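J.: What shape does this take:
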Amino acid sequence: MPTEMTVLALSGLLLLAHIFSATHYKTKQYGLDWNMGARDEDKPPLNDLAARLDRARGNFLETLPLAIIGFGGVVMTGTANEWTAIAAWVWLAARVIYLPIYWSGIAKVRTYVWTVSLLALLVPIGVLLLGAL
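T.: Residues are numbered from 1 along each chain as shown. Predicted structure coming up:
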């Protein structure tokens, strides 16, 4: 299997980690009835930790489609290469690092790590738009 597809498969596990960590701390705050209910009622704002995990999950969901387009695209078009494979691993590593940094509330480092992940996403998108590196 191409490296880029392996990374995308692993990103599915990372997505689950985001979902379960955010939901765990929301449930811890709002209770099991909230988790198992329709969630229609208004609730107070999330505490800092639950809110950070929820934002981290949202951020991952915002950028995951770019990874799917970029890394999946280079595999589908046969333009995957050493650089797109390296970029895939860099993107995944940055996203794995991002979650505990955001969880811990380390603001500036979080932004730097996010920037690394974004730059890694530009590699396959650049290959798709401009041709091989």
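J.: any low-confidence regions in the chain?
T.: Scanning the chain for pLDDT under 70 picks out the ranges 133.
J.: Excluding chain neighbours, what is closest to Asn5?
T.: Not quite, residue 5 is Met, not Asn. Val75 (5.7 Å; C-beta to C-beta, 6 or more residues apart in numbering). Where you see a C-beta, it was placed from the backbone N, CA and C, and this is true even at glycine.
J.: Now do the helices in this protein.
T.: 3-30, 32-36, 48-67, 73-76, 82-104, 107-130 (DSSP state H).
J.: want to try a markdown table for the ones you listed, with distance to Asp42 as columns?
T.: Formatted as a markdown table, the helices of the chain follow (distance: least, C-beta to C-beta, whole Å):
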| stretch | distance to Asp42 |
| --- | --- |
| helix 3-30 | 11 |
| helix 32-36 | 11 |
| helix 48-67 | 16 |
| helix 73-76 | 41 |
| helix 82-104 | 25 |
| helix 107-130 | 28 |
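J.: Columns mean neighbour count on top of the ones you listed, output as TSV?
T.: Listed next are these as TSV, based on neighbours: other C-beta atoms under 10 Å:
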stretch	mean neighbour count
helix 3-30	16
helix 32-36	11
helix 48-67	17
helix 73-76	19
helix 82-104	19
helix 107-130	16
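J.: Please report how far the residue nearest to Met5 lies from Ala67.
T.: 12 Å (C-beta to C-beta, to the nearest Å).
J.: Can you tell me which residue is spatially central in the chain?
T.: The centre of the chain sits closest to Phe60, judged by C-alpha atoms, centre = their mean, with a distance of 2.9 Å.
J.: residue contacts, it?
T.: Contact analysis of Phe60 by C-beta atoms under 8 Å, 6 or more residues apart in numbering lists 14-15, 18, 95, 98-99.
J.: Cheers, nothing more for now.
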